[in-house]
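Undergrad: take a look and give me a structure for this.
(chains A and B)
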Amino acid sequence: GAGVSQSPSNKVTEKGKDVELRCDPISGHTALYWYRQRLGQGLEFLIYFQGNSAPDKSGLPSDRFSAERTGESVSTLTIQRTQQEDSAVYLCASSYSGTGGSTEAFFGQGTRLTVV
Amino acid sequence: GEDVEQSLFLSVREGDSSVINCTYTDSSSTYLYWYKQEPGAGLQLLTYIFSNMDMKQDQRLTVLLNKKDKHLSLRIADTQTGDSAIYFCAEKRGGSYIPTFGRGTSLIVHP
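TA: From the prediction side, this is the model:
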């Protein structure tokens, strides 16, 4: 596709349920990032994938959060046993390469998650 | 304190210049970015500057970098109502692949 695509755009879930968020990066982009944006806050780094290397999971806030990416394609972010504090916009970005250069990151429109 | 700091709000009159400021803490930052986020949309890269530069101009946008003070600014000339958005400053440190973002500055342009 022309840009980074995320689905769903909005998700309302009950506390304690699991959710899965999807990101389709720009074709050919080897680097993929997940960020969380809470209301009125900046972007909080969650996880980074680069090609077939082991992902950088240093930003994941708890073991309820996990993410996968197959090769250089789609990524899914899974939140288990959701809590109200998980309510946020989850943003995905991709770039041609995470190494060197200006490596502009292109962002998707985000998934707004509301836990009730 | 935060790694990247910005003031939260800026209000300007249409036609005036806007200056959005950002400070960062890591002297090894290699690239510094300005992103724009319109309501309900993702972030869009506006411009970036490499750390060995002190100024970059792109149409109505001027980026100034003071590496000694670790201060970055974005000037928007002739600000229009369409410029109303949240502007995020971000840095990429030497040896890191992960941009670190500030909280964003909400720019409000009124007639």
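
Undergrad: give the other helices and strands that the lowest-mean-pLDDT helix or strand in chain A contacts.
TA: Within chain A, no helix or strand scores below strand A:106-107, which has a mean of 90 by mean pLDDT, DSSP states H and E. Contact analysis of strand A:106-107 by 3 or more Cβ pairs under 8 Å, 6 or more residues apart in numbering or on different chains; DSSP states H and E lists strand A:88-95, strand B:43-50 as its packing neighbours. The way it works is simple: take the backbone N, C-alpha and C, and place the C-beta from them, glycine included.

Undergrad: paired strands for it, with orientation please.
TA: If you go by DSSP bridges, strand A:106-107 pairs up with strand A:88-95 (antiparallel).

Undergrad: touching, A:Val116 and A:Gly16? I think so.
TA: No. Using Cβ atoms under 8 Å as the test, A:Val116 is too far from A:Gly16 to be in contact (10.7 Å).

Undergrad: low pLDDT regions in chain A?
TA: For chain A, the stretches with pLDDT under 70 are A:1, A:98-103.

Undergrad: mind listing the strands for it?
TA: Using DSSP state E, the strands found in chain A span residues A:5-7, A:10-13, A:19-24, A:31-37, A:43-50, A:65-69, A:75-79, A:88-95, A:106-107, A:111-115.

Undergrad: what about A:Ser53, how many residues nearby?
TA: For A:Ser53, the neighbour count with other Cβ atoms under 10 Å in any protein chain shown is 12.

Undergrad: so after the host helix or strand of B:Val19, what's the next helix or strand?
TA: Under the criterion of DSSP states H and E, B:Val19 resides in strand B:18-24. Once the chain leaves strand B:18-24, the next helix or strand it forms, by DSSP H and E, is strand B:29-37.

Undergrad: what's the average pLDDT for that following strand?
TA: Strand B:29-37 shows an average pLDDT of 90 in the prediction.

Undergrad: and chain A, is it touching that?
TA: Yes. Using Cβ under 8 Å from any Cβ of the partner chain, strand B:29-37 comes into contact with chain A via B:Tyr31, B:Tyr33, B:Tyr35.

Undergrad: OK, contacts around the last one?
TA: For B:Tyr35, the contacting residues are A:Phe107, B:Leu43, B:Gln44, B:Leu45, B:Leu46, B:Tyr87, B:Phe88, B:Ala90, B:Phe101, taking Cβ atoms under 8 Å, 6 or more residues apart in numbering or on different chains as the criterion.
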